[in-house]
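A.B. asks: make a model of this:
(2 chains)
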Amino acid sequence: MLDINYIRDHKETVEQAIVNKGEKDTSIVEKVLAADEKWRAKVHEGDQLRSESNNKSSKIGQLMGQGKKEEAQAIIKETSAMKETIKEIDEDVKALRKERDDLLLRIPNVPHPSVPVGATEDDNDTFKTWGKPDERDWLKPHWELTERHGWVDFERGVKVTGAGFPFYVGPVAQLQRALINYFINEAVKNGYTELQAPYFVNEDSARGTGQIPDKEDMMYVIPRDEFFTIPTAEVPVTNFHRDEILELKEVPKKYVCHTPCWRREAGSYGKDVRGLNRLHQFDKVELVKIVKPEDSYDELESLRVHAEGLLEALELPYRTLLMCTGDMGFTQSKKYDLEVWSPGQKRWLEVSSCSNFESFQARRMQLRYRKGEKEIEIVHTLNGSGLALPRVVSAILETYQEENGRVRVPEVLKPFFNRDHL
RNA sequence: GGAGAGAUGGCUGAGUGGCUGAAAGCGCUCCCCUGCUAAGGGAGUAUACCUCCAACGAGGUAUCGAGGGUUCGAAUCCCUCUCUCUCCGCCA
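C.D. replies: Numbering: from 1, shown residues only, chains lettered A, B, ... in the order given. Now for the predicted structure:
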C-alpha cells in the first residue's frame, strides 16, 4: 500500500497512476483522503478525552492514599461519566480506521517515470534482445519430444491429481533438478543467501506481498487450517522479515529460494496451456532483495542482468520487455519480463519477471531499517525469477534437439550429467 | 493426541490493582577519567499514531503474546484464542 501522507501530498500523481494502470475511476483517492481526515479527527478527540480521564484517575489514586475518600468519590463520579463516551469514540475510531485502510489497500502502486504508459501488452517496450530466434522449420514442439521419449507423463498426472500437474520422468526430471541446482549455485555466487521456505503461508503473509486482496483467486486455499499454497516463493521469502526493523549493516538482504509454485490459472485454454506452457504446479527459483530505497532501481537492473545471464549461459535466445503501466500489475513500480524463444512453437515464453515494488509491499508488512540513530525508514523490496523451470525445460528441449530426436545437454549443465545427451 | 508450565523492552529477568513505558543486569551510543591495556564514573538507549511548530523541538494517546471483560484506574484480576517449552504417545 501507499503511504497516506504521500497520497495527501501527491494526489494528482496517484490519480494519474490509477488511470495509467487501467482504471477509469479515480474517486477512491478523494475517498481515502476524506476517510483519513475523519479518522484523524476522531483519534484526536479520543486521545484528549482519555488524557483528561487519566489525569483524574491518578488524582483518585493520590486522594485514596491520603485517605480523602469523599473527594475521591466525587472524581470517580466524573470519570465514570466519561467512560461511556470514550468507549463510543473508540468504536468509531476502529470503524473509521478500517474504512480508510480498506480504501488504501485498493490503491495501486505508482509506476516509475521510466515506465512506458500504455494499456496492453502491445504497449510494452522491447528493452533488449539476445541471440537469434532459431527458425529451423523441422524443430518439433517440446510436447512431441516428451511424448516420444516418455519424459513427461501428463495422463498419469491427470489421474493422480488433475490437469496441470504432470510427472517428469527420467532425463527430464534430471534436467529440471540440474537446472535448479545450477540456478541456485549461480545466485549464491552472486551473493544471494540460499533459503528453503514453507510451501503454505497464512493470511497475513498473503496480504503482506499483495496477493490479498488483489489476486486471491490465483491461490489454492486450505480452508481447514487457513493456509494458502504459495503461488511463488516471493510470498514466504519476502515475508521472512515481516514486522522487523533491520540494522543498517544488514541491508541489502538477498535471498534465493527454490519452491514449487501453485496457481489456479482459472480461465486459461488453448495453445497457452499446451505441454509445459502453463501448469498448476511448477518449480521456480526465485530471487528476493530487500534494499535501501535509494538503491532499489540499481538493484532492479542488477537483478535483471543476473536473470538474463542465466539464459545466456544456457545459450537460449531471449528478449527483455519493459512492461507498460497497464500490463504490469497492481503492486509493481517497474517490471521487466524475460521471454525465452521457443523454436518448436515459434513463440516467446515468459520465464522471468523482475520487479521493483518500492515500499509498497514493505509498508504493508512493516519491514523497515534503521537508517540513522533515530531515523527508521521503510525498505524497498524486489524480486525476480531466476528462473521458472518448465518453460526453460521446453526451450532447452526444443533448442537442443537433433533431427534423430535426441536432445543434447547444454554445456553449463554437463557437470550435472556426465554425458552429452539426455 | 494426553498432561503440565509459560509468553514482559535488543537480550537476561523483576514486577499480584494507582507514584511502572516498566526495577536490575547485559549489550549498544556519547562523554569523562586513567600514559597503553584492564578497570572505573556520568548521560542516553522501544514502537506506532495524533496535535502544535517553517524548523529544532514540545505535548498527548496506545502498546508487557492477541482479542474481549471487571474497575475511576490493569503488565498485575476474569474469559477466549494463539504460540513456546517439558513429559508421555505417535512419527520421516
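A.B. asks: doesn't residue A:329 make contact with residue A:22?
C.D. replies: No: using CB atoms under 8 Å, residue A:22 is not in contact with residue A:329; the gap is 10.3 Å. Yep, even glycine has a C-beta here, placed from its N, CA and C like the rest.
A.B. asks: let me see the contact set for residue A:382.
C.D. replies: Shown in contact with residue A:382 (CB atoms under 8 Å, 6 or more residues apart in numbering): A:288-289, A:291, A:296, A:299-300, A:303, A:354-357.
A.B. asks: ok, now how distant is it from residue A:374?
C.D. replies: 27 Å (CB to CB, to the nearest Å).
A.B. asks: equivalent analysis for residue A:402, please.
C.D. replies: With CB to CB as the criterion, residue A:402 and residue A:374 are 65 Å apart.
A.B. asks: what does residue A:37 give?
C.D. replies: 28 Å.
A.B. asks: quick one: which of the two has more around it?
C.D. replies: residue A:37 (13 against 6; other CB atoms under 10 Å).
A.B. asks: in which helix or strand would I find the more buried one?
C.D. replies: helix A:27-65 (DSSP states H and E).
A.B. asks: could you say what helices and strands that helix packs with?
C.D. replies: When contacts are defined as 3 or more CB pairs under 8 Å, 6 or more residues apart in numbering; DSSP states H and E, helix A:27-65 sits against helix A:4-9, helix A:11-20, helix A:69-105.
A.B. asks: got the residue ranges for the strands in the stretch 201-350 of chain A?
C.D. replies: Here the stretch 201-350 of chain A has its strands, by DSSP state E, counting those that start in this stretch, at A:221-222, A:227-229, A:245-246, A:253-262, A:281-291, A:318-322, A:334-342, A:347-356.
A.B. asks: please identify which of those strands is closest to RNA strand B.
C.D. replies: In terms of CB to the nearest atom of the strand, the element of the strands of the stretch 201-350 of chain A nearest to RNA strand B is strand A:245-246, at 6.1 Å.
A.B. asks: chain center to the closest one, what's the gap?
C.D. replies: With CA atoms, centre = their mean, to the nearest Å as the basis, strand A:245-246 stands 20 Å off its chain's centre.
A.B. asks: tell me, how many residues neighbour residue A:405?
C.D. replies: 11.
A.B. asks: cool, residue A:235 as well?
C.D. replies: Neighbour count for residue A:235, taken as other CB under 10 Å: 28.
A.B. asks: hmm, it is touching residue A:206, no?
C.D. replies: Yes: using CB under 8 Å, residue A:235 is in contact with residue A:206, at 6.5 Å.
A.B. asks: shared neighbours, those two?
C.D. replies: residue A:228.
A.B. asks: tell me which element the closest residue to residue A:250 other than its chain neighbours falls in.
C.D. replies: Nearest residue to residue A:250, sequence neighbours excluded (CB to CB, 6 or more residues apart in numbering): residue A:369, at 7.2 Å. Per DSSP H and E, residue A:369 falls inside strand A:368-370.
A.B. asks: okay, now the unreliable bits of the stretch 101-250 of chain A?
C.D. replies: The stretch 101-250 of chain A contains no residues with pLDDT under 70.
A.B. asks: show me what from it comes close to RNA strand B.
C.D. replies: Within the stretch 101-250 of chain A, the positions near RNA strand B by CB under 7 Å from any atom of the strand are residue A:245.
A.B. asks: what are the buried residues along stretch A:361-380?
C.D. replies: A:361-365, A:367-370, A:377-380 (16 or more other CB atoms under 10 Å).
A.B. asks: repeat that for stretch A:64-81.
C.D. replies: A:72, A:79.
A.B. asks: sorry, back to before: direction included, what does the strand holding residue A:369 pair against?
C.D. replies: Neighbouring strands of strand A:368-370 in its sheet, by DSSP bridges, are strand A:245-246 (parallel), strand A:376-378 (antiparallel).
A.B. asks: the closest residue to residue A:280 other than its chain neighbours: neighbour count?
C.D. replies: Once flanking residues are discounted, residue A:280 sits nearest to residue A:164: 3.4 Å by CB to CB, 6+ apart. Counted with other CB under 10 Å, the neighbours of residue A:164 add up to 19.
A.B. asks: ok, residue A:164 - contacts?
C.D. replies: By CB under 8 Å, 6+ apart, the residues touching residue A:164 are A:157, A:265, A:273, A:278-281.
A.B. asks: same thing but 10 Å
C.D. replies: A:154, A:157-158, A:262-265, A:268, A:273, A:278-282 (CB atoms under 10 Å, 6 or more residues apart in numbering).
A.B. asks: so it sits in a helix?
C.D. replies: No: Residue A:164 sits outside any helix when classified using DSSP: H, G, I helix; E, B strand; the rest coil, being coil.
A.B. asks: residue A:360 and residue A:109 touch, don't they?
C.D. replies: Yes: the criterion here is CB atoms under 10 Å, and residue A:360 meets it with residue A:109 at 4.3 Å.
A.B. asks: now for the strands paired with strand A:368-370, which one comes closest to residue A:115?
C.D. replies: strand A:376-378 (20.9 Å; CB to CB).
A.B. asks: that closest one: how far from the chain's middle?
C.D. replies: Computed by CA atoms, centre = their mean, the chain-centroid distance of strand A:376-378 equals 20 Å.
A.B. asks: that one near RNA strand B anywhere?
C.D. replies: Yes: counting by CB under 7 Å from any atom of the strand, contacts between strand A:376-378 and RNA strand B involve residue A:376.
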